[in-house]
Structure formats: C-alpha cells, structure tokens
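K.L.:
This is the structure alone, sequence omitted:
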C-alpha cells in the first residue's frame, strides 16, 4: 500500500511544482499538515519519551523528514517521474547494508538475491524505457533523488531501535515536530507565496492527497 501511494505521488506532486507551489513550500505544507495529524492521534494515547532517546529522534527527523523530503521534491521537480522511481530502488540496497553495519543484522543470501532481483528490474526499466520517457530529467535532479534514497534508507535503520520501545504514532509525532523546525527556514517564503484563493478544487484535492495519504498515512504504515 505504501509503495502504491508513493507511485501515485510521483505524478501528482510533479504536476503541482513549481506552478502551484514551490518544492520547499510543499515540504513545509506536508510536515505541518501531517505533523498536526500525528499529534492529534497521539493525544488519544499519550506516551512519554525518555530524554536519552531525543538525540536519535532528532537524527530520525533529519534523515526521514527534513533531508529526505526536501531532496525528493527538489529532485522530482528537476527530473522525470520514471527516473525518480528507478533511482529509489537504491533504498532497499542501502537499508540492507546499513542494517548489517549499524544493527548487526545478518545479510543472508535470500536478502541479497531479493535486492539483486529488484536492482535487475530497475536496470531493465532503464534499458527498455521508450525514447522521451526521461524528458525533463537532469543529472542534478537525479542526484537529489539519490541523496533522498540514501537519507530515507538511513532513517529506516535509525528508527528501528525506537520501535522496540515506543508506538509508531509517538515516534512520528516527535519526528515531524523536529522536522518542522528544520524545514521552516527553507519553506516559509514559498509557502507564503502560494495564491490559495486561486487554487482549483483539483489542486486542493491533490495537495490534500500528498499531505494526508503520501505523508501521514504512508509514514504511519511504513513505520
């Protein structure tokens, strides 16, 4: 379900930037909206967090919310949806390596074969894509998506130990609160420049989909 939602997001978000909203302003909207939903959900079942875990939560906010989202939307604006989706195949490869190094998880043959199959599928897409499928793609945009994939892979490994101690809603609420403070300096000008009164119902539905489904629901399900 998460990957299905992300797949739709490549096209929806691409269609909104930069004409409707700039990438940094879009991230601020995502983090602000989803963060409010996480804190409302957390209020139903409050859970305290140990001060010793705040440092890891800050790192999770940096890698999983701020850097991840800023790089993705800035990259998506500068590359094609197909290129972006192919590069994101790097995430499970990075997760496999980082989990082995940082969490000491065993890298089994089954895991390696699974990741290699995914990489092979991405390679087939690269070689077989029709002419013009990557129109609008730039090396700079592709690099942003690669940084996004690396950052998100690190987030998935960093957040795993917290999952043994706290509920997903608690973790996401704190990550998005810290993440909001990180993205605010980058996005407040673009956010303020949006002509909200001129937006059509289609634009509003698309923005709502990205905030609620792509951010709130997918982060909660993934975590």
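P.N.:
Good, I have the coordinates. Keep in mind it's a predicted model, so treat the numbers as computed, not measured. Residues are numbered from 1 along each chain as shown.

K.L.:
how distant is stretch 18-30 from the center of its chain?
P.N.:
14 Å (Cα atoms, centre = their mean, to the nearest Å).

K.L.:
and if you look at stretch 69-88?
P.N.:
With Cα atoms, centre = their mean, you get 11 Å for stretch 69-88.

K.L.:
So what would you say the end-to-end distance of that stretch is?
P.N.:
13 Å (Cα to Cα, to the nearest Å).

K.L.:
Any idea how far apart the tips of stretch 189-207 sit?
P.N.:
Stretch 189-207 has an end-to-end distance of 18 Å (Cα to Cα).

K.L.:
Identify each buried residue in it, please.
P.N.:
Neighbour counts over stretch 189-207 (16 or more other Cβ atoms under 10 Å) mark 190-191, 194, 199, 203, 206-207 as buried. C-beta here means a position set from N, CA and C on the backbone, and glycine is covered the same way.

K.L.:
Show me which of the residues you listed is closest to residue 34.
P.N.:
Distance to residue 34, by Cβ to Cβ, is smallest for residue 207 among the buried residues of stretch 189-207, at 12.1 Å.

K.L.:
Quick check: that closest one touching residue 21?
P.N.:
Yes: between residue 207 and residue 21 a contact is recorded at 7.5 Å, counting by Cβ atoms under 8 Å.

K.L.:
following the helix or strand bottoming out on mean pLDDT in the chain, which helix or strand shows up next?
P.N.:
Among the helices and strands of the chain, helix 81-87 carries the lowest confidence by mean pLDDT, DSSP states H and E, at a mean of 77. The element immediately downstream of helix 81-87 (helix or strand, assigned by DSSP states H and E) is helix 90-102.
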